[in-house]
Structure formats: C-alpha cells, structure tokens
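Colleague: below is the sequence, then the predicted model.
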Amino acid sequence: MESAKSLWMKLDAGKSSYVNRARECAKLTLPFTYPPAGTGPVSALPTPYNSLGARGVNNLAAKLLLSLLPPNTPFFRFTMSREIVRQARSEAMLGELDYAFSEMEKEIMDEIEGMQTRPIMYEAMRHLLISGNGLLELTGQGKWRFRGIENYSVERDASDNILHIVTKETAAKDALPEEIRALAYMEHGDGAWEIDVFTVVCRREKNYESWQEACGVEVPGSRTTYGLDELPYLVLRWNRVANEDYGRGLVEEYLGDLISLEALTRSIVEASLAASRILFLVNPNGLTSSRTLQDAPNGAIREGNPEDVGVLQVQKYNDFRVALETMNGIKERLGHAFLLNTAVQRSGERVTATEVRAMIAELEASLGGVFATLSEELSTPLVTLVMGQMLRRRKLRKMPKGMVRPIIVTGLDALGRGQDLQKLDIFLAGVRDALGPQAVAQYLNVQGYLTRRASSLGLDLNGLVKSQEQLQAEMQQSQQQSMMERLGPSVIQGGAKLIGQQMPQGQGEMTVG
C-alpha cells in the first residue's frame, strides 16, 4: 500500500498550478490568504496599491454568507414523501406534520449556530472567491475547521466522485503517541519539535476509510470507516471545470482587470507624488537672488523681480486624465462583478426577509449557477452531517426511513418557509376575491391553515391555537347552554326531581344547582 507521504507528494505536485494561481489572485486582493512561497510568520506581505479587490472579496463573501445562512431562518426544509401525503387522514394532520418538521428544522439550525459555523463559513467564502477551492472538516468535538488549497489535496474520478483526500499538518512531538516519538527521535534526533502528520481518506466500494500517518507509521487508533453520506469532509469548489480535480475562483475570472487596475493605480500614485513636489526656479542672470528667497520668512518683503522666479510644473495633465478615465472604467466593471455598485441591505444589525430575498436575486442574476454548486457540495452535506451527529447523540428524534427527506432551497427560495407564508396569503386572498368570504368559511380548513401559517413564521403553537379536543368541548358546552336557554330552567328542574324520585332509598338525594 502506498504511504501517506508519497500519496501527498504525488497529489501535491499535480496542484502546483492551482496554488500559484491562488497566490497571484491573493496578491491583488487579500495577500494573507495565500502568501508567497517561503513566507513565514514574520515575513512582510505584498501591499496592493488599491483596495478594490479586497473590498470586493469581503463584500461578496458577506453577501454569500447572508444568503447561504440567513439569520434566524433555516436554509433548508423537510418535505414529506407522496406516500405519506396520500396516507394522511386529514389536512389538519398534514399541518401538524409540517409544524413538527419546522420544529426539527429550528433544532438543527440551533445546532449549526452553536457549532460556530458562521466565522468558518465566512473564511471559506473568501477562499472560494480567491482560489476557488477549500476544505471544511467536522472535527470530533463538533466544530468546523477550514483548510486552504495549500494544506490539502484531492483526487476525483471521471464522475466527479472523490477518490482520495490527503491533508498535511504539523503536530507537536509531545502530543503524539510514544512509538511515534521514538521514530521521530531515530529519524531527526532531539531537534525535531514538530512532526508532519498526514491524514488520508480513501474511497472503497461502499464506504470511505480514513487513517493518520506520522514518520511513515500509522497512528494507533486513527483508522475510521465512514458511510458514503457520512464523510466529515466537505471539498468545496467555486466553479467546476470538466476533468479537473479542483475548481476556479471568481477573482481568476477578472484577474486581467485587477492587474490593469493595479498598474494604472501605481502609475497615477507615483506621478501624483512627482507632481505634488514644489520646486522654485530662479533666473541665474536676473536681479533676484535664490539665497534671498530661501532665507526669507513667510510674508517677508524683499527686493526682486517676479519674472526671475518660476515654479516647476509637470505638464502631464492630459496624460493623467486618460489613465484616470481608463482606471474608472475598470473600477466600474469590477464593481459590477463584486456587487459593489448596488446594495439593497440597509446599514443596520437587523435585516428583513425582503432585503435578503432581493440580495439573493441580485446574487443569482450576477453569479448564475454558483448556488447550484454550493448547494450540492456545501449546503446538503452540511445538513446531512449535522443531522447524523444529532441523531447519534439523541438530540433529534428519529424519523421513519423514507418518510421525510431534507431539500436544500437556494436562489429566490432560499428563505425556505418564508416563501410558504407568501404563497398561503396569496392563495387565501385569491379564493376570497374570486369566490367570496362564504367559500373561504365553507371549504377552508381553518386549523390546517393556522398550523401552516405558524410553521412558516416559526411560531410555537403551544397555548396559541386551540386543539380539536378543546374545540369539541367548547362546542358541547355551547350546545348545552343553548338547550337550557330553549327549554327553560323549570323543565330542567322537573327532570331532576323525576330522576330523584326514581332513585332507590339510601342513596341520598340529588342536589341540582
């Protein structure tokens, strides 16, 4: 079997072009994401002459995070199978099931928020925009960890299925098992304080097998087997490319404009510095002495001829204007690419559903099918992993197999059940306008409507909507009261006396009142 180190070296050599491209894109946007080769913690990073690339990446990453993980709103929903819908005895039962599913959605979203998913997801979005690649790992402690393309390698088959994932990280020697430390001492001596640890994920026929190696030896107790839908690694891509193991980022699509903008900005900045320098020239054959001007304080009166003194000027205004207009045109194109020119979100902490919906529409119109890729490789596996973890820890009730399935809603429907609320209101208003209020009262199941509306709003129905038992009890009480009002109290009292006379002796008298 091939060792983890040799597999890493083979796969790492095949991604060198992607890493170099990522460093080139990061140099003009966020240099710290992919610093140049050989850069250490104390090394100086390149500083771009303009901040449009960094501002565009941060802005678009924030909008993507808000659309993929809307605040206080599930980005997915459970749907019932058609068989369950056919077997339901009433519309009220369907409403109750739908409400139960919405409660499960909120429980899963609470778990996702508790895992500190948002900061890691924001980092992942920035890396996806710059390099087009990233790896999310769900650790055993239930926390997410992100790796850039430099720290992992992946191999796919022709059908885009993952065959191998190899990660490389350095671990302190004291944190490794004793036999690994002994091997490190034999190989490196006492000077080895950190050891390279490789994690390998290999696909078998019906599952994935994972293990760790250090110093050419498998770490004891590290071998694990996962199902095809249980792999705790999410290999992310921004743009898919046929027959390629890695993706391409958005910055790479506009790299030419960023390079041109950087060159023009640098030229204008350097020219502006030269033009801002003030130099006075004095005619050497004139009456005015240069020493007189140099030593004169501000506002002083000296003898001289003003025609003997001039100011050196750079006669390049028209050239600067051409460069500036070209730079502004590039800025406008990049502003549209990174959605900097239009903004529908208010500058505040609370964001309404309408604003999020408009932002998602803007993203879809600009980015096309990006949401489809992110849904398949990020949203769906994320929900599946969190659900499986909650089921294993018994934090979530187990549903019968085949009864429900999670569907990731993206695009304009990314607000999930908020769309159901709008559809319910449109349906009710249409029935009322077309058939009249009498048809609504005759054909509409009020309790089912209230249950579905509460589910769409994410409200708790306990103590809010009356149950069927409460409605039946109130109906019986209302019938009894109407009977008493119709017959009168005298008839009721007479019937009570007749019942008392027919009772056997010794059982006491019946008291009415």
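Modeller: Ah, there it is. Numbers count the residues shown, from 1 in each chain.

Colleague: let me see the domain layout of this structure.
Modeller: 255-296+304-337, 416-486 (automatic domain parsing).

Colleague: is it possible to get JSON lines of these that adds distance to P70?
Modeller: In short, each C-beta sits where N, CA and C put it, glycine included. Shown next, in JSON lines, are these (distance: least, C-beta to C-beta, whole Å):
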{"stretch": "domain 255-296+304-337", "distance to P70": "24"}
{"stretch": "domain 416-486", "distance to P70": "8"}
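
Colleague: between these, which one is closest to A44.
Modeller: Using C-beta to C-beta as the criterion, the shortest distance between A44 and those is 17.7 Å, found for domain 255-296+304-337.

Colleague: coming back round to it: worst average pLDDT in the domains of the chain?
Modeller: Per-stretch mean pLDDT for the domains of the chain is lowest at domain 416-486 (a mean of 71).

Colleague: need the three-state assignment for the spatially most central residue of the chain.
Modeller: By C-alpha atoms, centre = their mean, the mean C-alpha position of the chain lies nearest to L65, the distance being 3.6 Å. Following DSSP: H, G, I helix; E, B strand; the rest coil, we place L65 in the helix state.

Colleague: the chain should start at 24 in everything you say after this.
Modeller: Sounds good: first residue 24 from here, last item L88.

Colleague: can you pull out the strands in the stretch 324-473 of the chain?
Modeller: Using DSSP state E, counting those that start in this stretch, the strands of the stretch 324-473 of the chain run over 332-334, 427-431.

Colleague: re earlier: make CSV out of the domains of the chain and add mean neighbour count.
Modeller: Shown next, in CSV, are the domains of the chain (neighbours: other C-beta atoms under 10 Å):
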stretch, mean neighbour count
domain 278-319+327-360, 13
domain 439-509, 13
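
Colleague: figure out which of those is closest to M132.
Modeller: Comparing the domains of the chain by C-beta to C-beta, domain 439-509 comes nearest, at 9.7 Å.

Colleague: now name the helix or strand holding V223.
Modeller: strand 217-226 (DSSP states H and E).

Colleague: sheet partners, orientation included, of that strand?
Modeller: If you go by DSSP bridges, strand 217-226 pairs up with strand 185-195 (antiparallel), strand 230-237 (antiparallel).

Colleague: show me what counts as buried in the last one.
Modeller: Using 16 or more other C-beta atoms under 10 Å as the test for burial, strand 230-237 gives 231, 233-237.

Colleague: export the longest helix seen in the chain as CSV, just CAs?
Modeller: Using DSSP state H, we find that the single longest helix of the chain is helix 114-137. This file holds the C-alpha atoms of helix 114-137, laid out as CSV (Å, rounded to 0.1, in the frame of the first residue of the first chain):
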residue,chain,number,x,y,z
GLU,A,114,-55.4,18.2,6.1
ALA,A,115,-55.1,19.0,9.8
MET,A,116,-52.7,16.0,10.2
LEU,A,117,-50.6,17.3,7.3
GLY,A,118,-50.5,20.7,9.0
GLU,A,119,-49.4,19.1,12.3
LEU,A,120,-46.7,17.1,10.5
ASP,A,121,-45.5,20.2,8.7
TYR,A,122,-45.3,22.0,12.1
ALA,A,123,-43.3,19.1,13.6
PHE,A,124,-40.9,19.3,10.7
SER,A,125,-40.4,23.1,11.2
GLU,A,126,-39.6,22.4,14.8
MET,A,127,-36.9,19.9,13.7
GLU,A,128,-35.5,22.5,11.3
LYS,A,129,-35.2,25.0,14.1
GLU,A,130,-33.4,22.4,16.3
ILE,A,131,-30.9,21.7,13.5
MET,A,132,-30.3,25.4,12.9
ASP,A,133,-29.7,26.0,16.6
GLU,A,134,-27.1,23.2,16.5
ILE,A,135,-25.5,24.7,13.4
GLU,A,136,-25.3,28.1,15.1
GLY,A,137,-23.9,26.5,18.2
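
Colleague: packing partners of it?
Modeller: Contact here means 3 or more C-beta pairs under 8 Å, 6 or more residues apart in numbering; DSSP states H and E; on that basis helix 114-137 packs against strand 99-103, helix 403-415, helix 469-480.

Colleague: and the ones you listed as CSV, adding distance to G322?
Modeller: Output for the helices and strands packed on helix 114-137, formatted as CSV (distance: least, C-beta to C-beta, whole Å):
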stretch, distance to G322
strand 99-103, 74
helix 403-415, 71
helix 469-480, 73
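
Colleague: of the ones you listed, give the one that comes closest to P200.
Modeller: Closest among these, using C-beta to C-beta: helix 403-415, at 26.4 Å.

Colleague: quick one: the closest one to helix 114-137, angle?
Modeller: 100 degrees (axes from the mean of the first three to the mean of the last three C-alpha atoms, to 10 degrees).

Colleague: what residues of helix 403-415 count as buried?
Modeller: 403-413.

Colleague: got it, and stretch 67-75?
Modeller: Counting neighbours by 16+ other C-beta under 10 Å, the buried set in stretch 67-75 is 71, 73, 75.

Colleague: same list, those, but as CSV with pLDDT, secondary structure and distance to D183 please.
Modeller: Converted to CSV, those look like this (pLDDT from 0 to 100; DSSP: H, G, I helix; E, B strand; the rest coil; distance: C-beta to C-beta, whole Å):
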residue, pLDDT, secondary structure, distance to D183
P71, 93, coil, 35
N73, 92, coil, 37
L75, 94, helix, 34
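
Colleague: pick the one among these closest to D448.
Modeller: So of the buried residues of stretch 67-75, ranked by how close each gets to D448 (C-beta to C-beta), first place is L75, at 42.3 Å.

Colleague: residues in contact with the closest one?
Modeller: 281, 284, 354, 357-358, 363 (C-beta atoms under 8 Å, 6 or more residues apart in numbering).

Colleague: from these, which ones fall inside helices?
Modeller: Judged by DSSP H, helices contain the following of these: 281, 284, 354, 357-358.

Colleague: closest to L259 among those residues?
Modeller: Checking the ones in helices among the contacts of L75 one by one against L259 (C-beta to C-beta), the nearest turns out to be L281, at 22.4 Å.

Colleague: near the closest residue to the closest one other than its chain neighbours, how many other residues are there?
Modeller: Among residues not flanking L281 along the chain, L51 sits closest, at 4.4 Å (C-beta to C-beta, 6 or more residues apart in numbering). Per other C-beta atoms under 10 Å, the neighbour tally for L51 reads 24.
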